[in-house]
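> Got a predicted structure here, sequence first:
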Number of protein chains: 2
Amino acid sequence: MPTLRDVARKAGVSVSTVSHVFNGYRDIPVVTRKKVWEAARELDYHPNAFARNLVSRRSHLLGLVVPGRAGMRHPFLYAVICGVAEEIAGTGFGLTLSVAEEVDHSWREEVNRWKEQRFEGLIAMGFAEDHPVAKAIIESGIPAMLVDTILEGPRVSWVKSNDTEGAAAAVRHLLSLGHRRIAYIHGLGGQICQERLDGYRLALSEAGIPFDPQLVEVADFTKPGGYKAMNRILSRTIPTAVFAASDMMAFGAMECLRDRGLRLPDDMAVVGFDDIDAASHVTPALTTVRQFGDRMGREAARTLLDFLDGRIDKPHSTLVRTELVIRRSCGYSSKSRSIASGLSVQDTAAAE
Amino acid sequence: MPTLRDVARKAGVSVSTVSHVFNGYRDIPVVTRKKVWEAARELDYHPNAFARNLVSRRSHLLGLVVPGRAGMRHPFLYAVICGVAEEIAGTGFGLTLSVAEEVDHSWREEVNRWKEQRFEGLIAMGFAEDHPVAKAIIESGIPAMLVDTILEGPRVSWVKSNDTEGAAAAVRHLLSLGHRRIAYIHGLGGQICQERLDGYRLALSEAGIPFDPQLVEVADFTKPGGYKAMNRILSRTIPTAVFAASDMMAFGAMECLRDRGLRLPDDMAVVGFDDIDAASHVTPALTTVRQFGDRMGREAARTLLDFLDGRIDKPHSTLVRTELVIRRSCGYSSKSRSIASGLSVQDTAAAE
DNA sequence: AGGTGGTACTACAACGTTATAGGAAGGGTG
DNA sequence: CACCCTTCCTATAACGTTGTAGTACCACCT
């Protein structure tokens, strides 16, 4: 690999001059500049990032911390990653993947890497608030943005969906369709779950409907979990609609309902949360609260970069809006359409 | 950030000694070793990777090249990424994400980064054989493994599913259920598509059934594309089963069939390819050819590391086996079960 | 002639490591 | 007592950049 010296020799100038050309010093006349560019091009010169980082004491590296195969929210991650990448493109920062595998403790090794590679910032997603990796991020002192993990520090904040509002919108939609007994399949996890429950209760209380614990069951965000939770609810009481804190759990609930001989959406309306790919492919297509992973990624990256470049003094936390995607799983009514102004009505039909 | 010098001062030894301790030179007595470790721990010392890389002339960095939002095969990518990460864990190599955005040509910037960061190897996925990024990889001279892109060079090879065999297995399954008129929804893309078509034709010819172009339509790997292709086939002829080159297209076909009033699987059997998440959630659950993204990632990473560490002279190309996942979309028959030995029968039921 | 100012460069000391060569004790051998 | 091993440690020169300070040269003004 050619070095600055090789370019200097070829161009007939000193190493300093070449460096100055590449770093945009302006006391270099055009002729010299041309000579240097020419020589660099001919040698296929690429500045050595390590040498550069060493002396400039900056790495221009961001770490993207994602959970290993055990982590939840898989379908979501790639969207966030793309958002981050898009926002970072053109800023000169690089993005290093740090897969924090929880089962074999190999994430400790990753934490060391953050330090050794002198990461300037971290973007992490999919970790619960009490997860050891979340703790390691805070303790590392590296500026960080957390996606869906509500943790703050002097150099750390978060980006998440407006879960409360999203859940409330879903329940309001069911209310607008005339439902009064709305079951809720609660998810077991971080603070986000609590907020979705808050949204459920908020919408009910707005409508003057008392909260009924009989209608609520907790599950583990999986499809079988949703199936079982639905079963437990049905063994106690018969609601007319069910809202699940994730699409996967909603799928489980749908299966359970079908196994019990109920027709969807006629006998029971179902709403999910996330808008994963599969939501638009199931039958009936699932009405759900869409999360914008790409926007969350963009927002996280933008805030982090603003902080690193000194444009803001402290990274701020942000709520990203959600969107209720109305499909067939709770039926249609002209009433719902008029009330749900600003909401998106989307069809899965693919006719010509 | 503390340096080797700080540690040396604290431990009362020279810089060289500290370096030797960390690099496992063996002519250091245990007492000194202890002193150094102690000092490093107290100072929270982390060796500067840039300085180390600079002098050792190695980066220990691998680039993971993925397409931007425009790229296909999204649901697949995270599995491959996890496989790569798992295989790399513990080898001391780092993984840098390189999102090659095609629309704004910002991928050229990424190519520069490969050189500047002195990446030792690349793993790329989701690019067609004639994609500019694929070309850039070959031209870069950096050892690379391509996932699902059939391109070779002295330091480049590929990993892909055994698409021909996978497609053939799917068609053989349909044949074993008694189907004789099997439609095929062909995908438009790289060499992979051709191989799936080959598999379709292979299985037919094994059964002595002539290839009928009337039964084949091409689509663009999307759900609407599958819908339209199915429509075109049905306007010409009525098959008893349809095999699609991707699950997404199979979903489109299913919707089209339903819109035409056909019952699945009774009136028409459907098989897909990929086994994306949604395949097990649709009704009827889709029988499909599973691809093992994680294994492909692992294989790519392992081969690349073997080559970089000199354990092999040339990276070799590999076919990863597929697996026919039998669900409800083509019905059950005792015959099929006995014939499809070694194949997996999987149920989507989530009962307690 | 001497001073001032600008232009177009260059020399050199960092940055934090590693690797090579070498040196100072201490102990055994002839 | 001179010699040679070990054992343990250190000095020093890289690695490829950047940034600061400085120099050489020429032109212009008084």
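Cool, got the structure. Numbers count the residues shown, from 1 in each chain, chains lettered A, B, ... in the order given.

> what pLDDT does the nearest residue to A:L175 once chain neighbours are set aside get?
The shortest distance from A:L175 to any non-neighbouring residue, by CB to CB, 6 or more residues apart in numbering or on different chains, is to A:A207 (5.1 Å). From N, CA and C alone the C-beta is placed, and that goes for glycine too. Per-residue pLDDT puts A:A207 at 97.

> next one: the one 4 residues further on
At A:F211, the predicted lDDT confidence score is 97.

> so it sits in a helix?
No - the assignment for A:F211, made by DSSP: H, G, I helix; E, B strand; the rest coil, is coil rather than a helix.

> contacting residues for it?
A:201, A:204-205 (CB atoms under 8 Å, 6 or more residues apart in numbering or on different chains).

> What's the local residue count around the residue nearest to A:L175?
Using other CB atoms under 10 Å in any protein chain shown, the number of residues around A:A207 comes to 15.

> what are the phi and psi angles of it?
phi -90, psi 0 (degrees, to the nearest 10).

> Just to check, it is in contact with A:S176?
No - contact between A:A207 and A:S176 fails when scored by CB atoms under 8 Å: they sit 9.4 Å apart.

> related to what we said a few turns ago, who wins for neighbours among the contacts of A:F211?
Neighbour max across the contacts of A:F211 (other CB under 10 Å) = A:L204, 21 neighbours.

> Isn't A:E195 up against A:A167?
Yes - between A:E195 and A:A167 there is a contact at 7.3 Å, judged by CB under 8 Å.

> one step back: got the contacts of A:F211 as a markdown table, with secondary structure columns?
Shown next, in a markdown table, are the contacts of A:F211 (three-state DSSP):
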| residue | secondary structure |
| --- | --- |
| A:R201 | helix |
| A:L204 | helix |
| A:S205 | helix |
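
> Please list which of these are also close to DNA strand D.
Here nothing survives when those are matched to DNA strand D using CB under 7 Å from any atom of the strand.

> where does A:R108 fall, helix, sheet strand or coil?
Following three-state DSSP, A:R108 is assigned to helix.

> Quick check: can you name the pairing partners of the helix or strand hosting A:V325 and their directions?
Using DSSP states H and E, A:V325 maps to strand A:323-326. Sheet partners assigned to strand A:323-326 using DSSP bridges are listed as strand A:287-290 (antiparallel), strand A:344-345 (parallel).

> By mean pLDDT, show me the worst of those strands.
strand A:344-345 (a mean of 44).

> In chain A, where is pLDDT below threshold?
Within chain A, the ranges that satisfy pLDDT under 70 run A:70-74, A:332-352.

> State the number of residues packed around the nearest residue to A:D313 once chain neighbours are set aside.
Using CB to CB, 6+ apart and skipping residues adjacent in sequence, the residue nearest A:D313 is A:F307, 7.9 Å away. Residues lying near A:F307 (other CB under 10 Å) number 21.

> what about the strands in the stretch 1-150 of chain A?
Along the stretch 1-150 of chain A, counting by DSSP state E, counting those that start in this stretch, strands occupy A:61-67, A:94-100, A:121-125, A:144-147.

> tell me the contacts of the residue of the stretch 201-350 of chain A found nearest DNA strand C?
Residue nearest to DNA strand C within the stretch 201-350 of chain A (CB to the nearest atom of the strand): A:L308, separated by 19.1 Å. A:L308 makes contact with A:120-121, A:143 under the criterion CB under 8 Å, 6+ apart.

> Relative to chain B, how far out is it?
16 Å (CB to the nearest CB, to the nearest Å).

> So which bits of stretch A:184-195 are buried?
Residues of stretch A:184-195 classed as buried by neighbour count (16 or more other CB atoms under 10 Å in any protein chain shown): A:184-187, A:189-193, A:195.
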